[in-house]
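1. Sharing a sequence plus its predicted fold:
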Number of protein chains: 2
Amino acid sequence: MTDPRPPATARPYDPTMPSPSTRTNRRAVYDELRRRVVGLELGPGAPLSENELAAELGVSRTPVREALIMLAQDGLVQVFPKVGSFVSRVDERSVADAQFLRESVELASLGDVPAVPDATVVAELRANLARQELAERDAEEFFRLDEQFHQGLLRLAHHEGTWPAVVAAKAHLDRARRLGLQEHSLHLFTDQHTRVLDALLDGGAEAARPLMRAHLRTVFDDIARVRERSPELFAPTAGPPTRRNIAVWE
Amino acid sequence: MTDPRPPATARPYDPTMPSPSTRTNRRAVYDELRRRVVGLELGPGAPLSENELAAELGVSRTPVREALIMLAQDGLVQVFPKVGSFVSRVDERSVADAQFLRESVELASLGDVPAVPDATVVAELRANLARQELAERDAEEFFRLDEQFHQGLLRLAHHEGTWPAVVAAKAHLDRARRLGLQEHSLHLFTDQHTRVLDALLDGGAEAARPLMRAHLRTVFDDIARVRERSPELFAPTAGPPTRRNIAVWE
DNA sequence: CGTACCACACTTGTATACAAGTAGACTGCG
DNA sequence: CGCAGTCTACTTGTATACAAGTGTGGTACG
C-alpha cells in the first residue's frame, strides 16, 4: 500500500538539526536577493533575470529560480510567465494592509505584557535604545535596531512567534519605510520608542497604546509623503513593466 | 464584482495574477497539495516524495519540487535536505501564535466597520449564515462557509486585503481546527456567528468584540482538546520523522 | 512617410541527468 | 546471539537542455 508501516526499530532521535542548519545555495540566493530588495538596492519595478542573476552569483538557474519563487510568495517579486520577473511595486493597498496588520498585532501585544516584565528583555530594550541614539547618522544600523526593538516588545508579551508573520506581511511597508526614513530626523523615532517603553513599564498597556499608535502612524504618514514625491515607485499599473533593452553586442 | 472563478478551492494568496490567469503545472500541484494538507488528506508528519508525487500527478520533479518550496514557505511542509519532505506537524507554539494574530486582526477590524456598513456585503453575510444552518451535516461545506464569513467581516471594515496574510499565518490553526470541528455541534458556531453579526450591526464594535473573542476562543479551546486526544499530530518539533520503508519489489 | 509583418533574442516553464548525503538493511565476524 | 561495518536504495540539491511564448526592433511594402 501507499502507507507502509514504519520500521519497528525504536529511534532515539538525534538532536543534530538537519534542516535549519544546512545552508543551500537556494537559501543564500534568497537571503541575498531579499536583502537587496528590502534595502532598495533593487528598486520597485527592477527586472530580475534568472540567467543574469545566476551568472552574477555563480550558480545555475535552479537555485535562483527557486529563490525567486520564494520571494514571489513573500510578495516582494512578481513573476510573469514567459515575460520576466520584477521587483514588486509598492502599492497603496498593500502598504495600508500591512500597516493595519502590524498595528493590530503590536497594539494587542501590549495588552499581554505581564505586570512584571522579563528583566533581561527590558535590559536589552534599554541597550537597544541607547544604540539607537548613537546610530542617528547610520540609517541602515538604525533600521536594524528599530526592527529589534519592535521584536523585543513582542517578546515581552511572549508573542515573539508572530514576528515572522508580521515581517512577511509588512514587506512592502518596510521598503516604503526605508524610503521615508530621511523625512524625519531619526531622533524623533528614538524619542517615540523611549516614550513607548517608559509608558509601558510605568503605566501598562493603557498608557503605552496611544503612544505606540501615534508612532506607527508617523511611519505610515511618512509613506504617504514619499508617495507624493516618488509616485513611480507605487505601482498604479497592473501589467508588467516594459522589457528592458536587450543586451548589447560586444 | 463577482468572482468568476469556481469557488472549489479558496485560493489563499496569489500575488501574480494581474495578467491573464496563466495556469502553470506548478500552480496546479501547489493547489492540489495544499488542498490535501489543509484537508488532512495528508496528515501531519506524512512523507512527501518528490518522485512519487511527480509520477502520481503526471509531471516531472520540477513543478512538484517548486510547489513543495512554496508550501514550505507557508509553513505547511518541512523539507529536510537529503532526507525527505514531510507535512508539518501542528505544534502548540504555532497554533497559539496564529490564534493571537488572528484574534488581533479580526478584533481590531471590528473597530473599523463604518456606522452604515455596505448593504451588499451584509446581505452576503446573511445569506452565508443561512447556508451555514443548512450545512450542519457537511463539515467541508461548513468550513468553507466559515472562512467566507470571517473574510466578509474583514471586508465590512475594508480590510479584506489582510485576509491572505491571516490565512497564511493561521495555516496550522486551520488544520487543527478541522480536527476539532467534530467536537461541537456545528450549530454552536453558526449561532456564535449570528450573534456576532447582530451585535455588530446593532451595537457596533464594542458590542461585537466580546462575542467575537469568545467565538475565537471556542475554536482555540477545541484545539487544546484535540491535542490531548491525538498528541501524535502535535509533534515534538525538532527532528524529521523516520524514513518510511523502501519500495516493495513486485 | 506610415504601417503591417516577420524574425529574433530573451523570457520563464518543464524535463532530465547527475551529485551529495542519509539511514535503514544486510552481512560477516566475534 | 549481538554488534559493527558496509551496502544500497532513496532522498533532495544543482546543473543543463529543451520547449513554449512574448515583445521589441528591423524590414519590406503600400
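-> Looks like it arrived, so ask away. Numbers count the residues shown, from 1 in each chain, chains lettered A, B, ... in the order given.
2. Return the list of helices and strands in contact with the longest helix that chain A contains.
-> In chain A, taking DSSP state H as the definition, the longest helix is helix A:186-229. On a contact count with 3 or more CB pairs under 8 Å, 6 or more residues apart in numbering or on different chains; DSSP states H and E, helix A:186-229 meets helix A:92-110, helix A:119-134, helix A:139-156, helix A:171-180. C-betas here are computed from N, CA, C, even on glycine.
3. secondary structure class for residue A:78?
-> Under the three-state scheme (DSSP: H, G, I helix; E, B strand; the rest coil), residue A:78 adopts strand.
4. So residue A:46 is in contact with residue A:86, correct?
-> Yes. With contact defined as CB atoms under 8 Å, residue A:46 counts as touching residue A:86 (6.6 Å).
5. picking that back up, so how far is the longest helix of chain A from its chain's centroid?
-> For helix A:186-229, the separation from the chain centroid amounts to 18 Å (computed by CA atoms, centre = their mean, to the nearest Å).
6. Same question for stretch A:77-94.
-> With CA atoms, centre = their mean as the basis, the mean position of stretch A:77-94 lies at 17 Å from the chain mean.
7. From the rest of the structure, what touches stretch A:117-129?
-> Residues outside stretch A:117-129 that contact it (CB atoms under 8 Å, 6 or more residues apart in numbering or on different chains): A:145, A:148, A:149, A:152, A:153, A:155, A:156, A:190, A:193, A:194, A:197, A:201.
8. Looking at those, which is nearest residue B:74?
-> residue A:155 (24.1 Å; CB to CB).
9. what's the burial count for the nearest residue to the closest one once chain neighbours are set aside?
-> Leaving aside its sequence neighbours, residue A:155 sits nearest to residue A:121 (CB to CB, 6 or more residues apart in numbering or on different chains; 5.4 Å). Residue A:121 has 17 neighbouring residues, counting by other CB atoms under 10 Å in any protein chain shown.
10. Which pLDDT value does the model give residue A:121?
-> Confidence at residue A:121, expressed as pLDDT, is 97.
11. Could you measure from it over to DNA strand C?
-> Distance of residue A:121 to DNA strand C, given as CB to the nearest atom of the strand, to the nearest Å: 35 Å.
12. For residue A:191, see how far away that residue is.
-> 21 Å (CB to CB, to the nearest Å).
13. for residue A:83, same thing?
-> 47 Å.
14. and if you look at residue A:169?
-> Distance from residue A:169 to residue A:191, by CB to CB: 26 Å.
15. So these two - more neighbours on which side?
-> residue A:169 (28 against 15).
16. shouldn't that one be in contact with residue B:165?
-> Yes. With contact defined as CB under 8 Å, residue A:169 counts as touching residue B:165 (4.3 Å).
17. can you list residues touching both of these two?
-> Common neighbours of residue A:169 and residue B:165 (criterion: CB under 8 Å, 6+ apart): A:97, A:101.
18. And the pLDDT for the closest residue to residue A:25 other than its chain neighbours?
-> In this structure, residue A:25 finds its nearest non-sequential neighbour in residue A:63, 4.1 Å apart by CB to CB, 6+ apart. At residue A:63, the pLDDT value in this model is 98.
19. ditto for residue A:10
-> As predicted, residue A:10 sits at a pLDDT of 27.
20. measure stretch A:54-67 end to end?
-> Distance across stretch A:54-67, first residue to last, is 11 Å (CA to CA, to the nearest Å).
21. Quick one: residues in contact with that stretch.
-> A:24-30, A:32-33, A:50-51, A:53, B:65-66, B:69.
22. Give me the domain ranges for chain A.
-> A:25-89, A:92-231 (automatic domain parsing).
23. Quick one: residues in contact with the lowest-mean-pLDDT helix or strand in chain A.
-> Lowest on mean pLDDT, DSSP states H and E among the helices and strands of chain A sits helix A:171-180, with a mean of 77. The set of residues external to helix A:171-180 that reach it, using CB under 8 Å, 6+ apart, is A:37-40, A:44, A:74-76, A:88, A:90-91, A:94-95, A:98-99, A:102, A:139, A:143, A:167, A:219, A:222-223, A:225-227, A:230, A:233.
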